[in-house]
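J.: Okay, here's the prediction I keep looking at, along with the sequence it came from:
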Amino acid sequence: MAVRLPDSTKRTAVIGSTGSGKTRGGIWLLSSRDWDVRPWVIIDFKHDDFIARIPGLQEIRVTDAPPKKPGLYVVRPHPDDQAELDQFMYRCWDQENIGLFFDEGLMVGKNGRSRWMRALLTQGRSKHIPMIILTQKPVWIDTWIMSESDYLWTFRLNRPSDRNTVQEYMTAQMNERLAPYHSQWYDVASDTLTVFAPVPRDAAILATFRTRVQRLKRVRVA
């Protein structure tokens with residue numbers, strides 16, 4: 001069976017300890033998403049260096065209206081901006097047809113528990129709001145992130161409690177040991193678990209963004 005990747009309505013949880021390759025994996029997945037036909041917004045709490053290097057990234061404020069033009073955008077909220085972030089997520093929910101990438105789901109609301117995060121998770125499919133949510137502590141995040149995701153992508157997890165938390169949402173048995181930067185891709189609908197080799201290196205991922213951004217610019221000019 002061929003491995004399925006998310007379409008324009010799916011939610012993906014990307015899970016892994018610091019240094020496991022989780023962030024690189026999440027950004028690689030974003031590089032192939034449909035931001036050439038709809039806007040995608042990265043919620044970047046950590047001011048991540050790799051995210052900052054993505055070509056064509058446009059910075060907006062958490063108090064701004066969500067973008068409507070296709071492309072890649074970034075919001076860098078302070079951890080104390082929870083009320084403003086909730087309102088931003090509400091505006092995305094209301095606008096529809098927008099992708100969201102969270103660099104750390106645990107920092108949304110209290111341990112990822114936010115009314116509007118749950119609304120996006122439960123209604124995002126009908127509203128065409130695909131989501132990619134990264135986290136390094138699945139044992140602490142809102143269980144709705146795990147239960148509503150269509151795909152669970154797991155990198156190395158050091159704590160047994162974190163591995164057990166992810167395993168609760170799978171019928172297939174995860175491998176306890178993986179080679180460095182390898183990962184396990186679980187497709188909930190087909191109930192299949194696939195081991196992935198490491199994603200491409202940073203330069204190759206950024207080159208994919210650069211090529212697609214240039215193509216998008218040419219389309220806009222034409």
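T.: On my side now, so go ahead. Remember, it's a predicted structure, so these values are computed and weren't measured experimentally.
J.: what pLDDT does residue 111 get?
T.: Listed pLDDT for residue 111 reads 65.
J.: again with the one 3 residues further on
T.: Confidence at residue 114, expressed as pLDDT, is 91.
J.: Identify the residues contacting it.
T.: By Cβ atoms under 8 Å, 6 or more residues apart in numbering, the contact list for residue 114 reads 82, 85-86, 89, 108, 142. No exception for glycine: its C-beta is placed from N, CA and C like everyone else's.
J.: Try it again at 7 Å.
T.: 86, 108 (Cβ atoms under 7 Å, 6 or more residues apart in numbering).
J.: Report the separation between it and residue 55.
T.: Using Cβ to Cβ, to the nearest Å, residue 114 is found at 30 Å from residue 55.
J.: What of residue 141?
T.: Going from residue 141 to residue 55 by Cβ to Cβ gives 30 Å.
J.: Give me the more crowded residue out of the two.
T.: Ranked by neighbour count (other Cβ atoms under 10 Å), residue 141 and residue 55 place residue 141 first, with 24 against 14.
J.: okay but that one is in contact with residue 134, surely?
T.: No: Residue 141 is beyond contact range of residue 134, at 10.3 Å (criterion: Cβ atoms under 7 Å).
J.: Please enumerate the shared neighbours of those two.
T.: residue 105.
J.: where along the chain do the helices fall?
T.: Secondary structure of the chain (DSSP state H): helices located at 22-31, 49-52, 82-95, 115-123, 143-148, 160-167, 202-221.
J.: Closest to the centroid, which residue in the chain?
T.: For the chain, the residue nearest the mean C-alpha position is residue 132 (1.9 Å; Cα atoms, centre = their mean).
J.: In the chain, where is pLDDT below threshold?
T.: 1, 111-112, 221-222 (pLDDT under 70).
J.: if you set the cut-off to 50 instead, what comes out?
T.: Residue ranges of the chain with pLDDT under 50: none are present.
J.: which one of the helices of the chain is the most hemmed in?
T.: helix 22-31 (a mean of 23; mean count of other Cβ atoms under 10 Å).
J.: so what does that helix touch, helix or strand wise?
T.: Judged by 3 or more Cβ pairs under 7 Å, 6 or more residues apart in numbering; DSSP states H and E, helix 22-31 is in contact with strand 11-15, helix 49-52, strand 131-135, helix 202-221.
J.: With that, I have no additional questions.
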